[in-house]
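no sequence on hand, only this structure:
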């Protein structure tokens, strides 16, 4: 090989090495980008619009936020509604559930789009458990009424006390009369393949919750080894403590690095 050929070959090898190093660095940087998509799942007796205070904070901070509107007619249909929104995400997402929404994200969260799970005063059943079976072990204090066709309402006379004690009276009154009732069967459907067993999770406990016993919330969080924060508030901490809730979601997004 001539001297010129040796020089050319060396330059080619050096260029290839530099290109490979740059590509590797770019790949590493991409792998460590924080998750920017957030999907919010509401619970029973309210719809997705009640996530607006959290939505406003997250979108202002640069997150792409989607809100699932579950039909609350069956766990299967609620999971399907959640996966329908997850399928629209451009990249990984943090999946967040409030109340019964926790059971929904537990079932839906094995979806490949989900990088992490956030539970806000939420149910977090294990395989073979339901929200009803867990509430039977550690009951809450919420007073509900079941319609003849099998749907559940919170007694409006006690709605603020039992569900939204940390909200202004007029807001709680409106929510009491705009309830989104679930089919009772959603509470007895058993969970299969819980996502929190394979995905990182965060949990916010509401210390004054009457809808879900705070000790049940603590049990859920401890069992799953979730990153846990406790705040003072009623079941509606996702509204009254929106700043803290948004901060937890952002922590989850930063720690659940895109893969």
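Here it is on my side, so go on. In this text the structure is predicted, and so the values were computed from the model without any measurement. Numbering: from 1, shown residues only.

after the worst-scoring helix or strand of the chain on mean pLDDT comes which helix or strand?
When each helix and strand of the chain is scored by mean pLDDT, DSSP states H and E, helix 3-31 comes last, with a mean of 40. Counting by DSSP states H and E, the next helix or strand C-terminal to helix 3-31 is strand 37-41.

name the helices or strands packed onto that next one?
Applying 3 or more CB pairs under 8 Å, 6 or more residues apart in numbering; DSSP states H and E, we find strand 37-41 packed against helix 52-60, strand 64-68, helix 75-86, strand 93-98, helix 101-108. (C-beta placed from N, C-alpha, C; glycine too.)

right, so of the ones you listed, which gets closest to residue 203?
helix 101-108 (8.9 Å; CB to CB).

now do the helix or strand just after the closest one against strand 93-98, angle only.
Downstream of helix 101-108, the first helix or strand assigned by DSSP H and E is strand 114-120. Angle of strand 114-120 versus strand 93-98, following axes from the mean of the first three to the mean of the last three CA atoms, to 10 degrees, is 20 degrees.

who does strand 114-120 pair up with?
Partners of strand 114-120 in the sheet, by DSSP bridges, are strand 93-98 (parallel), strand 201-206 (parallel).

I'd like these laid out as TSV, including mean neighbour count, mean pLDDT and distance to residue 224.
As requested, the strands paired with strand 114-120 are exported to TSV (neighbours: other CB atoms under 10 Å; pLDDT from 0 to 100; distance: least, CB to CB, whole Å):
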stretch	mean neighbour count	mean pLDDT	distance to residue 224
strand 93-98	30	98	13
strand 201-206	26	98	5
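
distance to residue 215 added to the ones you listed, as TSV?
Output for the strands paired with strand 114-120, formatted as TSV (distance: least, CB to CB, whole Å):
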stretch	distance to residue 215
strand 93-98	18
strand 201-206	9
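
related to what we said a few turns ago, for residue 250, find the nearest of the helices and strands packed on strand 37-41.
Taking the helices and strands packed on strand 37-41 one by one with CB to CB, helix 52-60 is closest: 7.3 Å.

avg pLDDT for that closest one?
Helix 52-60 shows a mean pLDDT of 98.

same check, this time on stretch 135-147
Stretch 135-147 comes out at a mean pLDDT of 96.

number of nearby residues for residue 70?
25 (other CB atoms under 10 Å).

any idea how far it is from residue 231?
For residue 70, the distance to residue 231 equals 25 Å [CB to CB, to the nearest Å].
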